[in-house]
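K.L.:
Predicted model and sequence follow; I will ask about them next.
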Amino acid sequence: MNQPVNVTVTGAAGQIGYALLFRIASGQLLGPDTPVRLRLLEIPQGVKAAEGTAMELHDCAFPLLSGIDIFDDANAAFDGANVGLLVGARPRTAGMERGDLLEANGGIFGPQGKAINDNAASDIRVLVVGNPANTNALIAQRHAPDVPAERFTAMTRLDHNRALSQLAQKTGTPVSQIENLTIWGNHSATQYPDVFHATIGGRPATELVDEAWLDGEFIPTVAKRGAAIIDARGASSAASAANAAIDHVHDWVNGTGSSWTSAAIPSDGSYGVPEGIISSFPVRSVDGRWEIVQGLEVNDFSRQRIDASVAELVGERDAVQELGLI
Ligand SMILES: NC(=O)C1=CN([C@@H]2O[C@H](COP(=O)(O)OP(=O)(O)OC[C@H]3O[C@@H](n4cnc5c(N)ncnc54)[C@H](O)[C@@H]3O)[C@@H](O)[C@H]2O)C=CC1
Ligand SMILES: O=C([O-])CC(=O)C(=O)O
């Protein structure tokens, strides 16, 4: 059995938190040989509900759960953290402009980034789930100059899984037979789910689906899936978001399989994405580090869409820079 790993989860009393914590405690995040200590961060008003969730976690008697601590202070919550799942964020409310949203989240992710810088373990890995996830991750990363930038990532795995499922349903193929799909860009409606390198049962996806379906159905369905869930459920995706967070960190720590996956990581300039922007790429996890899959041909159809999403990310970066948040 390995040593216990400290997993800090922010927004622990929210709906994603409720779907996420039980799966972490059961061993699905890090594997069956790794005990976990949960460190839950909430705002003061959320602490009582987090305590209730902790009671239920204890009542599951998970063999791998070695402890739960609850905090309303980020420095304490990230003390010794090996994994940070940054879920809590300020949601957009009616009448809120984009700048207001970025500013409100800057007030959360700046201090949390600094708390990570000052208190986390040297192997800290951060996944930002709270929206706008890519730019929140950038803000946190810029406040953690002593932590390697590559340890700050944002979640596009839910988009990736949504795309896999849409393609599986369209072609009548099990999800397990689909490889090398990519989400590029921002976790927003501009994201680009790319099937041009994907294979389905070993055949190129482009032999099984045409551009009209990609453009008219697939891309908008994947990109607007979050809004469609909110419309249908009356609440945003929670269990599927928690599932994607588990997938992201599990693969980061344990490695990807034969297929690549998608994650938003700081750009090294690959594929013309400006360096430093936290953008989604095709990635493999090798020796505990994300690597961008290199050398893929990008056709005109893809280039246009990648550029549009990256332009949105550059706009968000410029906006938070102007607001003095990074
Ligand atoms: N990247 C992705 O694919 C997805 C991202 N999301 C985003 O995840 C976030 C969380 O979603 P839900 O759990 O459904 O929201 P929720 O509103 O149910 O829970 C958020 C929790 O965060 C807490 N919180 C707020 N500020 C905090 C802070 N400074 N420190 C610690 N905790 C804080 C709140 O008290 C609340 O309990 C949202 O921003 C949502 O938009 C949701 C689905 C998918
Ligand atoms: O918009 C939201 O809060 C939910 C979201 O990110 C998604 O489901 O992809």
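P.N.:
Sure thing, it's come through. Residues are numbered from 1 along each chain as shown. Ligands and ions are numbered 1, 2, ... in the order given.

K.L.:
Near the closest residue to ligand 2 within the stretch 101-250 of the chain, how many other residues are there?
P.N.:
When distances are taken as Cβ to the nearest ligand atom, the stretch 101-250 of the chain reaches nearest to ligand 2 at Gly226, 2.6 Å away. (Glycine included, C-beta is placed from N, CA and C.) Other residues within reach of Gly226, judged by other Cβ atoms under 10 Å, total 20.

K.L.:
Check which helices and strands the host helix or strand of it sits against.
P.N.:
With elements taken from DSSP states H and E, the one containing Gly226 is helix 225-233. The contact analysis (3 or more Cβ pairs under 8 Å, 6 or more residues apart in numbering; DSSP states H and E) places helix 225-233 against no helix or strand.

K.L.:
how far away is the residue in the chain sticking out farthest from the centre from Thr171?
P.N.:
Outermost residue of the chain with respect to the C-alpha centroid, by Cα atoms, centre = their mean, is Glu207; its distance is 30.5 Å. Glu207 sits 10 Å away from Thr171, going by Cβ to Cβ, to the nearest Å.

K.L.:
Check His248 too.
P.N.:
For His248, the distance to Thr171 under the criterion Cβ to Cβ works out to 25 Å.

K.L.:
per the record, what domains does this structure have?
P.N.:
5-154, 157-316 (automatic domain parsing).

K.L.:
List the buried residues for the helix holding Gly226?
P.N.:
Of all the residues in helix 225-233, those buried under the rule 16 or more other Cβ atoms under 10 Å are Arg225, Gly226, Ile229.

K.L.:
And the next helix or strand past it?
P.N.:
Once helix 225-233 ends, the next helix or strand along the chain (criterion: DSSP H and E) is helix 239-254.

K.L.:
list the helices and strands that following helix packs on?
P.N.:
With contacts defined as 3+ Cβ pairs under 8 Å, 6+ apart, helix 239-254 has these neighbours: helix 15-25, strand 83-86, strand 125-128, helix 157-171, strand 261-266, strand 278-286.

K.L.:
could you dump those to TSV with distance to ligand 1, mean neighbour count and mean pLDDT?
P.N.:
TSV is the format used below for those (distance: least, Cβ to the nearest ligand atom, whole Å; neighbours: other Cβ atoms under 10 Å; pLDDT from 0 to 100):
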stretch	distance to ligand 1	mean neighbour count	mean pLDDT
helix 15-25	3	22	98
strand 83-86	9	28	98
strand 125-128	8	26	98
helix 157-171	4	21	98
strand 261-266	9	27	98
strand 278-286	10	24	98
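
K.L.:
how about the residues of the stretch 101-250 of the chain near ligand 2?
P.N.:
With Cβ under 6 Å from any ligand atom as the criterion, the stretch 101-250 of the chain comes near ligand 2 at residues Asn131, Leu158, Gly226, Ile229, Ser236, Ser237.
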